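Participant: Would you be able to build a 3D model of this:
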Amino acid sequence: MYGGRTIGVVVPAYDEAGFVGNVLETIPDYVDRVYAVDDRSRDRTWAEITERATRLNREAAVDRNSGALVAGATFDRRIVPIRHDRNRGVGAAIATGYRRALADGIDVTAVMAGDGQMDPAYLPALLDPIVDGEADYAKGNRLTDGAYRAEMPRFRLVGNAILTALTRIASGYWRIGDPQNGYTAISRRALDVLDLEALYDRYGYPNDLLARCNAAGLRVADVPIPARYGDEQSSIAYATYVPTVSALLVRTFVRRLARRYPLRKRHPVSLSYALGALALGGSVLEGVRSLRRRRSRTADGKSGAFGRPTLLALAGTALLALATRLEKRLNAPLEVLR
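Facilitator: Sure, this is the predicted structure:
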């Protein structure tokens, strides 16, 4: 236990033989239960998980000093190996662990990837905002400190900066950075209100989860944590990953607005976004029509020198700016900066 709360850790793993065993070995003793989820790996990941779990569970059941069986343990086994029947994606693996933690009544559940990139020494920094009642969900951020950013490969840094900007718009958490950081912790209350079955099952799951947290009105803490890179190899293909996640963010943005600011209630945020999008769309259409007619902006009827496309573009931009300003103000209480 930690701070009087039961703690669980989900360890999603796919082809992490040689790494996942060490992750299980180094999870702090105050963690009550570990859910090691093998997403149908092609190597010895499952064998490594089960072998290490068998030994570690045996050791956890015996007092290290007296050699006697530990009485009153919270669970019958500390490490729970779980294997998917097919490869379903890292988001699905984490959701599997979340569901088991929820069923076990775990108070706070963290995620530590099976590749060993998440330093267990920083786990308390993620747990504290939740244990202290400040946040429902906490995530690491490798971008807050120049020294932390220096440890990240340049291509990851550029891609992360792009996705950070897009995720801020899609999620509504305008001061939260490094959305791709999978080192997280979440409360039982948050798991209760989120639809885990609908969680995106691939590598875009952190972005999707943030938007779902905002739609549910959950508080999110951004915790500075340095990156840790070793000999592991990422299976992410960034050439397809960034466009795929960008498309996901468009969908999550629309879904979040529909849930939090329904148009039928005429909320100023949704109205400003909708009218701004319509104005920009109208600007594009008017621009195409003007080009087809081979008319210059100066000769564009009654709209004067600027022309309808320009006026619509200015109106659309102003409306979108108003919407984002309103959102920043409304969502500020949901953002916890450590």
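Participant: Centre of the chain to whatever helix or strand residue 23 lives in, how far?
Facilitator: Applying DSSP states H and E as the criterion places residue 23 in helix 20-26. Mean C-alpha position of helix 20-26 versus that of the full chain (Cα atoms, centre = their mean, to the nearest Å) differs by 23 Å.
Participant: and the helix or strand following that helix, what does it pack onto?
Facilitator: Following helix 20-26 in sequence order, the next helix or strand is strand 33-38 (DSSP H and E). Other helices and strands packing on strand 33-38, by 3 or more Cβ pairs under 8 Å, 6 or more residues apart in numbering; DSSP states H and E, are strand 7-13, helix 20-26, helix 45-60, strand 79-83, helix 90-104. Quick note: C-beta positions are derived from backbone N, CA and C, even for glycine.
Participant: in the stretch 51-200 of the chain, which spans are helices?
Facilitator: 90-104, 123-131, 146-150, 154-171, 188-193 (DSSP state H, counting those that start in this stretch).
Participant: out of those, which comes closest to residue 248?
Facilitator: For residue 248, the closest of the helices of the stretch 51-200 of the chain is helix 154-171, at 8.4 Å, according to Cβ to Cβ.
Participant: thinking again about what came up before, mind telling me which of the helices of the stretch 51-200 of the chain the model trusts least?
Facilitator: If you rank the helices of the stretch 51-200 of the chain by mean pLDDT, helix 146-150 sits at the bottom with a mean of 68.
Participant: middle-most residue in the chain, spatially?
Facilitator: residue 206 (1.9 Å; Cα atoms, centre = their mean).
Participant: That one contacts residue 177, doesn't it?
Facilitator: No: with contacts counted by Cβ atoms under 8 Å, residue 206 stays clear of residue 177, the gap being 12.0 Å.
Participant: mind checking how far the helix or strand containing residue 325 is from the chain centre?
Facilitator: Using DSSP H and E, residue 325 sits in helix 307-331. Put simply, helix 307-331 sits 27 Å off its chain's centre (Cα atoms, centre = their mean).
Participant: so for it, what's the average pLDDT?
Facilitator: On average, helix 307-331 scores 93.
Participant: Only the buried residues of the next helix or strand after that helix, if you could.
Facilitator: The C-terminal neighbour of helix 307-331 among helices and strands, as given by DSSP H and E, is strand 335-337. Residues of strand 335-337 classed as buried: 335, 336 (neighbour count, 16 or more other Cβ atoms under 10 Å).
Participant: low pLDDT regions in the stretch 1-150 of the chain?
Facilitator: 62-75, 147-150 (pLDDT under 70).
Participant: which helices and strands sit right next to the helix or strand residue 208 falls within?
Facilitator: Per DSSP H and E, residue 208 falls inside helix 205-215. Where contact means 3+ Cβ pairs under 8 Å, 6+ apart, helix 205-215 is packed against helix 90-104, strand 137-141, helix 154-171, strand 220-224, helix 238-260.
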